[in-house]
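Participant: Predicted structure and sequence below. I'll ask about it afterward.
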Amino acid sequence: MTNWQQRPWQKAPGMLVVVVIVLSAIFAACTNGSNEDDVLELKFWAMGREGEIVPELLKEFERENPGVRVIVQQVPWTAAHEKLLTAFAGDTLPDVAQMGNTWISEFAALAAIARLDEKADASSVINERDYFPGIWATNRLADGLYGVPWYVDTRLLFYRQDVLRAAGIVRPPRDWAEWMQVSTAVKKHVGKDNFALFVPLNEFDLQVSLALQQGVPLLRDGDRYGNFSSPELVAALDFYLDFFRKGLAPPFSETDISNVWDEFARGYFTFYLTGPWNIGEFRRRLPADMQDDWMTAILPGPSGPGASTAGGSSLVLFEHSEQRDEAFRLVEFLSRPETQQQFYEISGNLPPRRSSWRGDRLESDPYVVAFREQLERALPVPKIPEWERIVQELRMVTERAVHEKWTAAEAARELDNRIDHILEKRRWMLAREGRGDS
Amino acid sequence: MKPSVAGWLFVGPALAVIAVFFFLPVLAAFAISLTDFDIYALADLSNLRFVGFQNYADLLQRPLFWQALRNTLYFVLVGAPLSVMVSLAAALLLNGQMVRFKGFFRTVLFAPVVTTVVAVAVIWRYLLHTRYGLINYGLDWSGLPIVDWLGDPRFSMPSIILFAVWKNFGYNMIILLAGLQAISVDLYEAARIDGANARQRFFHVTLPSLVPSLFLVGVLTMAAYFQLFAEPYVMTQGGPIQSTLSIIYLMYEEGFKWWSLGSASAVAFILFLFMIVAAIGQLVVMRRYGSGV
Amino acid sequence: MRKLWRGSGVHLGLCFLSMFAMIPLLWMLSVSLMSPGEASSFPPPLLPQNPTFDNYRQLFEYSSMGRNFLNSLFVASAATLLSLTFNVSAGYAFAKLEFKGRQLLFRWLLSALVIPAQVSMIPLFLMLKGMGLVNSWIGVLIPFVASIFGIFLVRQYALSIPTEMIEAARIEGASELRIFRSVVLPLLKPILITLGLFTFLAAWNDFFWPLIVLTDSEKYTLPIALASLSREHVQDVELMMAGAVVTVTPVLVLFMALQRFYMSGTLAGSVKG
């Protein structure tokens, strides 16, 4: 101990305390500095790339509403659902948020998001009849409207025209059989180190789309049990698994491919199942001399062009927020056709209302044609609070089926087991409600 | 003021905080594990049901739980001994009499311990990258087949173990080094006079004297390794096909992703049980074979 | 001759282990200075072709890393202060002040070390929700306020304080508080630094609890921000490495400066009580 006292850092604890206090003071000053009294702050959560883009759009909104400041928080898509639930559990939800439209029934069931019927009816900007009906419907639950569609999202194929041509194929596939043939031909052409198709194993969109294409409900008995063991849905799973069994698609998730755009440009895969936001990314990230070589195509169905999910994001207001009027003004601003066109130009996200499509850019964009056609065929998924958990199980089960070479029927049985377990509480609550009514 | 009163006043604040913010929650966690507390109950408590030990029974029937348990035991039973062995090797090397720059080596070997798990996991995720990672480059360069480290379910856990060994071996190294330095030189001299060679000296002098330190290091490492979470969260998100899903990760997903708090609490208690069993098991083994414990 | 050979063998082993320990960290630094996309090529480049600080600039300008850095600094500093305030007096009392039930209490506390902290976190979250403290600094700091390990650490060290010194002060009529402040605390200085350092590093590196309790990205600490960045920007390796450098450097520097205290703490904490 005496030895220690001769060391130069004997003053360290005292200095540390001083440093800490000074830093904390500075920190506290910074934290409080932004709170001016007369400015109203709106908290807005936006996901993924939208979170990076939207501040650009909001400059105009803040100019129009000098008393309002919008604080945008970017939430990664992979963590978005759990972040929203955590914020609900911890009472720290923002005023407005972007929300995947399949989550709306869940947050409505929790009484987390506010009903918008009155506000929407009174609005001069938001006009129900101008929206694509399928997309609007995903925001309307039995007891009212809970979200305003912000952009639409459906999955289809991005592909390399030059590779198809080189493999001797004239046009993208239209139905399942053709798709499998084309993929086999492409795979033969690109060799053993490359693949025909990239469907990330950490996604569930293709599985859901293929199931929806079969025209049977994904859940049965009033959404009380899973229906994946029905022959139609087993066939859909089987078709999906075939791509991996035949080595046409690599059994990878998104994180295994460090940069999908580079790999697409290198020809690592020829078909990539993804959504409209990638139009912008492909334009930005693919080399200039490749811009004529890629195109989009509608998702093939069992017999002819097929359905895909009616996905997309909506804007929602939260029940606890005391600034819902201002927040709705923000929703209206983002729903204006001119804002949506600007949003499309920066992000490639497709607007949900017809008048927003009337711009030159959208109508003349060749990559968008397939999306417009696909949107006509978009189908909704079951509107139950447990849906997000169910699709995550779907993703996990199909990933396992790919790795462990399960048959489609085995995968379907496992999936239905898990779904039935998840829906136990729902069945109990429905039964209780039933008793209450009688 | 009498020292006895002062004693209570001195320990009071800390004990109060620990009681309110640790012991009370632990008891509450057990109570919650007997209910089906979920997001519906969070919204409206009338949706809460008392379910007894149903959560535990459900877990025991879920393949995912068994997989998480297997993964965690894999990590603990392979990772912990491996970590301790590397630590022991490092400590033995550092303890060599003719080692120069001892302080330098010690600092360098210890540095990974203080780094932030999340940050270094980001590095390792890329070191292990199938196509652009340094590790596969090294394998390829030396003519070995490359491995899809984080994408192949057979290699994902070994990858995480490799990372954990790298991150943690320095800590145990310090403890074992102190243990080595505490061994009396006379013991070695006596062994040398008896004609023991280096290997015999290691097995008959060094190792037995190190038993208390090894026991301690083993317990600490196992307890820490049972709580595997940040590594798979950053490197693999529990995949591929849940091959790196740990018990704590399962608890996180059940609890803070899906807000099935009842089920998540049950997971936490089962983990607790395993840690106690493991600690007692190690104690018994060491009692039997170790002299000084 | 044989001795020399063995000496070099030992050095070879140490160099090998050191490379194992250092290469990932050096590589992180190197990649963080590469231009975007440069690291994703084969063979992987070891050094940047044209070193650039662009990744760091982007990190601080376009993402909120600067903010997160300050958050981490604040959380770790505040945790350190709190931990010193609560644990030191308790550790001293367990070592040197006779009071009824002391031994029993201490044994209880020690055996509670087996309980993994995660067990308490679900109810703790619900408690904080009840108090409106989710997503608050107090919420993040609560697990650091009092720690059994911290009390243990201080107690082990305080046992070495000669009881006569305390007795002498008592006979002179000093109050217990005064004795603690003017006699005990100066003697405890080394362990205070150790405990402070441990707490600072633990709070800086902590992941699970802040991940749960902080919902607002404005309040994220560096590890949470980095994990979020690494999920969102999987493809921007160079950017992530810059983020890793920013996260790791402060703790490494702190450790280098005070490593004596860290090492002695490692040992003190591992002595069985």
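Facilitator: Done, it's in.
Participant: give me the element residue 79 is part of.
Facilitator: Unless you meant another one, I'm taking chain A. Here residue A:79 sits within helix A:77-89, counting by DSSP states H and E.
Participant: that's the wrong chain, I meant chain C
Facilitator: Short version, using DSSP H and E: residue C:79 is in helix C:65-96.
Participant: The following helix or strand past that helix vs helix C:65-96, what angle?
Facilitator: Remark: after helix C:65-96, the chain's next helix or strand is helix C:102-111, criterion DSSP H and E. Interaxial angle, helix C:102-111 versus helix C:65-96 (axes from the mean of the first three to the mean of the last three C-alpha atoms, to 10 degrees): 150 degrees.
Participant: on that earlier part again, ok now the helix holding residue C:79, how far from the chain's centre?
Facilitator: Chain-centre distance of helix C:65-96: 10 Å, with C-alpha atoms, centre = their mean, to the nearest Å.
Participant: Buried ones in that helix, by neighbour count?
Facilitator: C:65, C:67-84, C:86-96 (16 or more other C-beta atoms under 10 Å in any protein chain shown). Where C-beta positions appear, they are placed from N, C-alpha and C, glycine not excepted.
Participant: pLDDT at the residue most central in space within chain A, what is it?
Facilitator: With the centre of chain A defined as its mean C-alpha position, the nearest residue by C-alpha atoms, centre = their mean is residue A:100, 5.7 Å away. With respect to pLDDT, residue A:100 has a value of 91.
Participant: and it, how far is that from residue A:276?
Facilitator: 14 Å (C-beta to C-beta, to the nearest Å).
Participant: before we move on, back to that, counting contacts, what elements does the helix holding residue C:79 pack onto?
Facilitator: If you count contacts as 3 or more C-beta pairs under 8 Å, 6 or more residues apart in numbering or on different chains; DSSP states H and E, helix C:65-96 packs onto helix A:12-33, helix B:3-18, helix C:102-111, helix C:137-145, helix C:148-158, helix C:185-205, helix C:222-232, helix C:237-257.
Participant: So residue B:241 versus residue A:226, what's the distance?
Facilitator: In terms of C-beta to C-beta, residue B:241 sits 20 Å off from residue A:226.
Participant: what sits against the spatially most central residue of chain C?
Facilitator: Central residue of chain C (C-alpha atoms, centre = their mean): residue C:201, 1.6 Å from the mean position. By C-beta atoms under 8 Å, 6 or more residues apart in numbering or on different chains, the residues touching residue C:201 are B:114, C:76, C:251, C:254-255, C:262.
Participant: Please report how far it lies from chain A.
Facilitator: To chain A, residue C:201 is 13 Å away according to C-beta to the nearest C-beta, to the nearest Å.
Participant: Repeat that for residue C:66.
Facilitator: 10 Å.
Participant: Show the pLDDT at the residue lying closest to that residue once chain neighbours are set aside.
Facilitator: Nearest non-adjacent residue to residue C:66, counting by C-beta to C-beta, 6 or more residues apart in numbering or on different chains: residue C:60, 4.7 Å away. For residue C:60, the pLDDT comes out at 86.
Participant: Please apply the same query to residue A:7.
Facilitator: pLDDT, read off for residue A:7, is 42.
Participant: go on, residue A:274?
Facilitator: Note for residue A:274: predicted pLDDT of 88.
Participant: Assign the residue nearest to it when sequence neighbours are not counted to helix, strand or coil.
Facilitator: With C-beta to C-beta, 6+ apart as the criterion, residue A:274 has its nearest non-adjacent residue at 5.9 Å, and that residue is residue A:158. Following DSSP: H, G, I helix; E, B strand; the rest coil, residue A:158 is assigned to strand.
Participant: Bridged to residue A:158, which residues?
Facilitator: Per DSSP bridges, the residues bridged to residue A:158 are residue A:272, residue A:296.
Participant: what about it, neighbour count?
Facilitator: Residue neighbour count, defined by other C-beta atoms under 10 Å in any protein chain shown, stands at 24 for residue A:158.
Participant: so who does it touch?
Facilitator: A:264, A:271-274, A:278, A:282, A:294-296.
Participant: Chain A contacts on chain C?
Facilitator: C:37, C:40, C:62, C:70, C:73-74, C:77-78, C:80-81, C:125, C:128-129, C:132, C:134-135, C:187, C:189-190, C:192-193, C:196, C:212-213, C:215-218, C:228, C:231-232, C:234-235, C:237, C:257-258 (C-beta under 8 Å from any C-beta of the partner chain).
Participant: just to revisit the earlier point, same list, the helices and strands packed on helix C:65-96, but as CSV with mean pLDDT please.
Facilitator: Formatted as CSV, the helices and strands packed on helix C:65-96 follow (pLDDT from 0 to 100):
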stretch, mean pLDDT
helix A:12-33, 58
helix B:3-18, 88
helix C:102-111, 88
helix C:137-145, 93
helix C:148-158, 90
helix C:185-205, 91
helix C:222-232, 88
helix C:237-257, 91
